[in-house]
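Participant: Fold the following and give me the result.
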Amino acid sequence: MTTRTVLIVALVAAVLGAVAGLLVSGPGPLWRSPLGQRVLQGTLDARAPAPPPGLVIAETGQPIPALRLPDLSGTPTAIPGAWPGRPLLINVWASWCGPCIEEMPELQRFSAKEGANGVQVVGLALDDAEAVRAFLQRVPVAYPILIDAPGPADASVSLGNRKGVLPYSVLVAADGRLLARRVGPFVPGELDAFVAPAR
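Facilitator: Next up is the predicted model:
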């Protein structure tokens with residue numbers, strides 16, 4: 001066998017292996033990789049409509065826009081100002097979003113592990129406050145939940161979620177800079193690697 005033949009056979013085997021993996025386990029593992037996330041986010045950003053005039057959209061490495069959203073009691077909360085000196089993991093979700101619901105126990109576990117001095121998890125529900133309250137009676141979490149109405153200028157769009165995909169998460173440094181974005185749910189074991197740049 002020539003070297004060229006061996007290389008062609010190896011390439012065909014690699015492509016067949018990748019296709020078989022996608023057929024068996026879906027694109028999830030691919031999309032969860034750093035490269036997959038860059039490709040997915042780039043594709044979503046390229047297909048996103050133009051933001052409303054004057055809306056500031058967070059860029060990686062730059063400070064996030066100052067946001068002020070109500071919590072479940074209606075009290076306005078400043079992001080990132082409510083948690084000075086702490087990195088934030090902001091998770092955008094809705095009570096009707098299946099993948100959002102699946103990842104909530106992992107977010108709760110991570111939040112409890114981080115405690116009062118680690119990365120602060122903040123849930124941002126693009127939903128009706130009553131629906132969120134009812135949902136949290138069934139699936140309680142201890143981290144703060146803020147509310148916003150979904151739309152072309154909602155807080156998640158300002159955080160870089162221009163297509164409105166849920167769940168969507170961002171990692172914000174203690175100094176307010178956007179460090180990382182993530183489309184899709186976290187599975188057990190992924191959060192520690194995602195927040196590593198904020199440590």
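
Participant: what about the nearest residue to A82 once chain neighbours are set aside, how many neighbours?
Facilitator: Excluding its sequence neighbours, the residue lying closest to A82 (C-beta to C-beta, 6 or more residues apart in numbering) is P144, at 7.9 Å. Using the backbone N, CA and C atoms, a C-beta is placed for each residue, glycine as well. Neighbour count for P144, taken as other C-beta atoms under 10 Å: 17.

Participant: so how far is D127 from P144?
Facilitator: 15 Å (C-beta to C-beta, to the nearest Å).

Participant: Equivalent analysis for P188, please.
Facilitator: 25 Å.

Participant: if you count what's nearby, which of the two comes out ahead?
Facilitator: The residue with more neighbours, out of P188 and D127, is D127; 22 against 10, by other C-beta under 10 Å.

Participant: Am I right that that one is in contact with I101?
Facilitator: No - applying C-beta atoms under 8 Å as the test, D127 and I101 come out as separate, 11.9 Å apart.

Participant: Please enumerate the shared neighbours of the two.
Facilitator: 93, 95 (C-beta atoms under 8 Å, 6 or more residues apart in numbering).

Participant: Check the contact between Q62 and R177; I expect there is one.
Facilitator: Yes - contact criterion C-beta under 8 Å: Q62 and R177 qualify, at 6.3 Å.
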